[in-house]
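Chemist: With the input below, show me the fold.
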Amino acid sequence: MTVLPDDGLSLAAEFPDTTHEEWQRLVEGVLRKSGKDVSGDAAEQALSTALDDGLRARPLYTPRDAAPATGLPGFAPFVRGSRPTGGWDVRQRHDRPGAEAANEAVLTDLENGVTSLWLTLGDAGLPVSGLARALDGVYLDLAPVVLDAGAETDSAARELLRLYDERAVARDAARGNLGADPLGLAARTGAAADLTGAAELARLCDADYPGLRALTVDALPYHEAGASAAQELGASLATGVAYLRALADAGLSVEAALRQLEFRYSATADQFLTTAKFRAARRLWARVAEACGVRTGDAGAQRQHAVTSPVMMTRRDPYVNMLRTTIATLAAGVGGADAVTVLPFDHEQGLPDAFARRIARNTSSILLEESHLGRVADPAGGSWYVERLTVELADAAWEFFQELEAAGGQSAALADGLVGDRIAATWAARTRRLATRREPVTGVSEFPNLGEKPVEREAAPAPLTGGLPRVRRDEAYEALRARSDAHLAATGGRPKVFIAALGSAAAHTARVTFAANLFQAGGIEPVHTPVTVDAATAAEAFEASGATIACLCSSDALYEEQAADVAAALQGAGADQVLLAGRSGEHPGVDAYVFAGCDAVAVLTSILDRTGVAA
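Modeler: Numbering: from 1, shown residues only. The predicted structure is shown next:
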């Protein structure tokens with residue numbers, strides 16, 4: 001080993017140490033220039049970002065934010081991973097109802113990087129009777145199979161076990177999960193949960209199939225209903241505990257019961273929150289295992305299956321979904337997920353085509369093989385931000401878990417509406433952020449493209465319904481765009497808003513861009529020619545535009561000089577309503593104001609109503 005001489009060189013010599021308080025004082029000065037006179041912790045708080053569950057992301061993290069001991073990868077409390085190495089199982093979902101088509105897609109995936117299969121069976125996917133054909137040519141001792149069969153779980157599980165025997169697969173070589181999840185099914189359908197069958201499958205796997213798990217704790221029903229990250233974790237803990245109790249009653253030891261469960265969580269494009277969620281989930285489940293008396297070994301290591309969030313997927317500009325799922329996959333992988341499913345970008349359009357499935361599986365391949373994420377265990381470990389967020393999220397999730405337990409457990413909390421009510425309140429708050437575009441959706445509420453060609457796919461099987469609702473971030477804007485599309489089909493044109501740009505480009509460009517984006521988010525065509533207008537040319541251009549509503553766009557100074565005159569001219573030319581982009585004072589003739597943070601959905605709905613677009 002070569003020892004470098006100590007030459008006294010310090011790379012930070014020109015940068016003297018500073019304190020947290022000195023940094024806050026610098027922040028105070030910046031905020032004061034923007035009109036906010038706050039100091040100390042309040043200055044730092046002004047730059048923080050509010051998250052769900054009462055959490056906040058601060059602008060600066062330091063050693064004072066260090067988290068409790070996280071252990072080592074592969075060791076309790078498993079915050080840093082359930083395994084000592086990185087990487088994940090590339091698991092793709094298949095729900096094609098035709099066995100021939102399903103088999104073709106399955107074999108293509110396995111030949112091109114996928115390492116396990118997630119099969120949706122029953123009413124929401126492939127008939128159980130088609131399972132054998134769908135798996136024709138699959139080496140079942142090499143490719144783990146995970147079932148998701150809802151009410152037909154028992155028959156699907158028995159059929160898979162029959163195939164193992166028929167194809168001479170050694171019982172200790174079978175890998176995967178039979179997918180029993182009675183509480184998840186109750187959340188999806190509203191039906192009462194019966195854990196008896198799940199317990200029987202767990203006993204069978206424990207006795208004869210050491211590589212198979214019988215139960216899935218699926219948190220997607222809660223995520224898809226609008227749950228926060230803490231609510232998703234808390235509901236999964238309550239479900240997992242309910243299953244542990246049922247398996248213990250069926251005669252399994254605590255260690256054996258723990259080994260029968262796999263947890264399924266959503267991964268979103270909120271990179272750091274997703275990474276923290278998977279780390280927090282393992283910490284929480286290790287705490288449950290410890291409370292059950294399991295303090296050593298790997299039985300308390302939570303097995304995790306990440307699925308890129310259906311809630312974040314958009315129907316408009318669906319190609320942006322490729323970017324969302326890439327970030328989500330990276331976040332889940334960095335967070336230590338054992339298996340990752342990337343939903344194809346056209347997931348919301350119906351059954352994915354071959355191109356979409358190829359992009360989905362290659363997302364994991366690039367991250368693993370080219371970005372080398374699998375070569376590093378817990379790459380986020382030691383980040384003060386990630387470690388602190390992990391702890392705070394775990395605390396919030398544990399609080400919700402305790403609330404569910406106090407209500408009688410997950411089954412009772414589902415039946416009496418507690419789970420649904422708590423999630424509905426969270427989604428209502430998020431809906432307000434989406435409506436005001438505080439939470440932007442690229443291609444939908446921001447930078448929409450009215451001229452895009454729709455992506456058309458074969459219809460997918462209808463999902464299970466009757467229980468918790470399914471929500472999507474784009475749903476309010478999608479309803480508006482659907483109204484506009486129907487109007488286009490019926491009349492040959494979209495509803496329009498005339499944009500009156502006052503003054504120079506420097507004065508109006510920012511607000512013209514803002515207004516055009518806003519209107520297109522609702523399927524409303526912005527018309528803004530000529531680029532610069534005065535009262536006379538505005539009236540003439542408005543009459544030629546075919547619009548019935550106008551919007552003024554310029555600087556606050558020009559509004560004071562010209563807004564009243566231009567508004568009067570537009571009204572004289574037949575404008576049913578005159579809007580103004582901004583919130584500068586009150587101007588005669590202006591009927592309403594649109595600005596950053598306004599309720600965009602309400603504004604757009606009003607415009608569609610006024611322009612005669614059918615609801």
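Chemist: can we go C-alpha only for contacts and neighbour counts from here?
Modeler: Will do.
Chemist: For the stretch 1-150 of the chain, which segments count as strands?
Modeler: For the stretch 1-150 of the chain, the strands defined by DSSP state E, counting those that start in this stretch occupy 49-50, 56-57, 89-94, 116-120, 145-148.
Chemist: wait, which of those is closest to Leu126?
Modeler: Closest to Leu126 of the strands of the stretch 1-150 of the chain, according to Cα to Cα: strand 116-120, at 6.3 Å.
Chemist: Paired strands for that closest one, with orientation please.
Modeler: Here strand 116-120 has these sheet partners by DSSP bridges: strand 89-94 (parallel), strand 145-148 (parallel).
Chemist: where does the first one sit relative to the chain's centre, distance-wise?
Modeler: Right, the one you point to is strand 89-94. Relative to its chain's centre, strand 89-94 lies at 18 Å (Cα atoms, centre = their mean, to the nearest Å).
Chemist: Over to stretch 85-105?
Modeler: On Cα atoms, centre = their mean, the centre of stretch 85-105 falls 21 Å from that of its chain.
Chemist: which parts of it are buried?
Modeler: By 16 or more other Cα atoms under 10 Å, the buried positions in stretch 85-105 come out as 86-97, 99, 102-103, 105.
Chemist: One more: stretch 135-154?
Modeler: Those would be 135, 138, 140-141, 143-151, 153-154, for stretch 135-154 by 16+ other Cα under 10 Å.
Chemist: the strands in the stretch 451-600 of the chain, which residues?
Modeler: With DSSP E, counting those that start in this stretch as the criterion, the stretch 451-600 of the chain has strands spanning 496-501, 525-527, 549-553, 577-581, 592-594.
Chemist: which one of the ones you listed lies closest to Arg58?
Modeler: strand 592-594 (29.9 Å).
Chemist: so what secondary structure elements neighbour whatever helix or strand comes next after the closest one?
Modeler: Remark: after strand 592-594, the chain's next helix or strand is helix 600-610, criterion DSSP states H and E. Under the contact criterion of 3 or more Cα pairs under 8 Å, 6 or more residues apart in numbering; DSSP states H and E, helix 600-610 touches helix 418-435, helix 475-491.
Chemist: if we go to 10 Å?
Modeler: helix 418-435, helix 475-491, strand 496-501, helix 505-521, strand 592-594 (3 or more Cα pairs under 10 Å, 6 or more residues apart in numbering; DSSP states H and E).
Chemist: Buried deepest among these, which one?
Modeler: Of all the helices and strands packed on helix 600-610, strand 496-501 carries the top mean neighbour count, a mean of 28, counting by mean count of other Cα atoms under 10 Å.
Chemist: What is the neighbour count of Glu111?
Modeler: A count of neighbours around Glu111, defined by other Cα atoms under 10 Å, yields 10.
Chemist: Looking at it now. What's its pLDDT?
Modeler: Looking at Glu111, its pLDDT is 97.
Chemist: who's in contact with it?
Modeler: Counting by Cα atoms under 10 Å, 6 or more residues apart in numbering, Glu111 makes contact with Ala105.
Chemist: ok, now Lys36?
Modeler: Glu28, Gly29, Val30, Ala43, Ala46 are the contacts of Lys36 under Cα under 10 Å, 6+ apart.
Chemist: Got the confidence number for it?
Modeler: Per-residue pLDDT puts Lys36 at 84.
Chemist: Kindly report the same for the one 4 residues further on.
Modeler: In this prediction, Gly40 carries a pLDDT score of 83.
Chemist: wait, doesn't it sit right on Leu31?
Modeler: No - look at Gly40 against Leu31 with Cα atoms under 10 Å: they stay out of range, at 11.6 Å.
Chemist: any low-confidence regions in this protein?
Modeler: 1-13 (pLDDT under 70).
Chemist: Tell me which residues touch the spatially most central residue of it, please.
Modeler: Nearest residue to the geometric centre of the chain (Cα atoms, centre = their mean): Thr268, 3.4 Å. Counting by Cα under 10 Å, 6+ apart, Thr268 makes contact with 229, 274-275, 306-313, 324-332.
Chemist: What about the residues you listed, which are in helices?
Modeler: Counting by DSSP state H, those place Ala229, Thr274, Thr275, Arg324, Thr325, Thr326, Ile327, Ala328, Thr329, Leu330, Ala331, Ala332 in helices.
Chemist: Please, a PyMOL command that selects the buried ones among those?
Modeler: Filtering these down to the buried ones (16+ other Cα under 10 Å) takes a single PyMOL command:
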select buried, resi 229+274+275+324+325+326+327+328+329+330+331+332
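Chemist: where along the stretch 1-150 of the chain do the helices fall?
Modeler: When secondary structure is read from DSSP state H, counting those that start in this stretch, the stretch 1-150 of the chain shows helices at 20-33, 41-46, 99-111, 131-134.
Chemist: Also the stretch 201-350 of the chain?
Modeler: Taking DSSP H, counting those that start in this stretch as the criterion, the stretch 201-350 of the chain contains helices spanning 220-223, 229-249, 254-258, 271-291, 321-334.
Chemist: would JSON lines of these with distance to Ala170 be doable?
Modeler: Compiled in JSON lines, these are given as follows (distance: least, Cα to Cα, whole Å):
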{"stretch": "helix 220-223", "distance to Ala170": "32"}
{"stretch": "helix 229-249", "distance to Ala170": "25"}
{"stretch": "helix 254-258", "distance to Ala170": "21"}
{"stretch": "helix 271-291", "distance to Ala170": "30"}
{"stretch": "helix 321-334", "distance to Ala170": "31"}
